[in-house]
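*Asks:* Only the shape, not the letters, is given here:
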């Protein structure tokens, strides 16, 4: 391999790896509450290709309990690649059900899950989804500050975060980054 080409490629990789999550704001306002960025994770394909920046937000980060135990939280997924809605719908259903092993609960929540997931739309590079858990009873999905769907089913709202933070998470490195 040409030495100049190798140095150029290595420089690009290092720049990409050192780039901070510029697209995640330090705070998000929701219903007159201010949520602070508590932690962030960059999802990559391989080492170089940035797919999404993911941040979790809470009214107060210091002294907060574990993310999964918070009744007020926001997960922001800012995308750097185009992703089809079907991907979100299928993977969310698969991992929701994998983490909900009680068959009775699955029967009760499956319709809520499918209704909620049907609100996902295709997303383009530069756009974002916010998943907002409000007062331990409401779950809403927003795309670029536009409400897509909201549910008041408290058990469903709590269980939905198991897609990322349950026993079988969709992205193990995300769970490790935010919970350990």
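*Replies:* Structure received. This is a predicted model, so every value here is computed, not measured.

*Asks:* List the neighbouring strands of the biggest strand by length in the chain plus their orientation.
*Replies:* In terms of residue count, the longest strand belonging to the chain (DSSP state E) is strand 33-45. In the sheet, strand 33-45 lines up against strand 27-30 (antiparallel), strand 49-58 (antiparallel) (DSSP bridges).

*Asks:* With distance to residue 73 as added columns, please give those strands in JSON lines.
*Replies:* For the C-beta atoms, the positions are set from N, CA and C on the backbone; glycine is no exception. Output for those, formatted as JSON lines (distance: least, C-beta to C-beta, whole Å):
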{"stretch": "strand 27-30", "distance to residue 73": "10"}
{"stretch": "strand 49-58", "distance to residue 73": "5"}
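
*Asks:* Would you mind finding the most buried of those strands?
*Replies:* strand 49-58 (a mean of 22; mean count of other C-beta atoms under 10 Å).

*Asks:* Contacts made by that strand with the rest, please.
*Replies:* 16, 19, 21, 23-24, 27-28, 35-45, 64, 67, 70, 72-81, 174, 178 (C-beta atoms under 8 Å, 6 or more residues apart in numbering).

*Asks:* Just the buried ones from the residues you listed?
*Replies:* Buried subset of the contacts of strand 49-58 (neighbour count, 16 or more other C-beta atoms under 10 Å): 21, 23-24, 28, 35-38, 40-43, 64, 67, 70, 72-80, 174, 178.

*Asks:* Of all the residues in stretch 167-176, which ones are buried?
*Replies:* For stretch 167-176, a neighbour-count test (16+ other C-beta under 10 Å) marks 169, 170, 171, 174, 175 as buried.

*Asks:* Now compare these and name the two farthest from each other.
*Replies:* 170 and 175 (8.8 Å; C-beta to C-beta).

*Asks:* ok now do residue 171, which residues does it touch?
*Replies:* 43, 164.

*Asks:* Residue 128 too?
*Replies:* Per C-beta under 8 Å, 6+ apart, neighbours of residue 128: 23, 76, 77, 78, 79, 143, 144.
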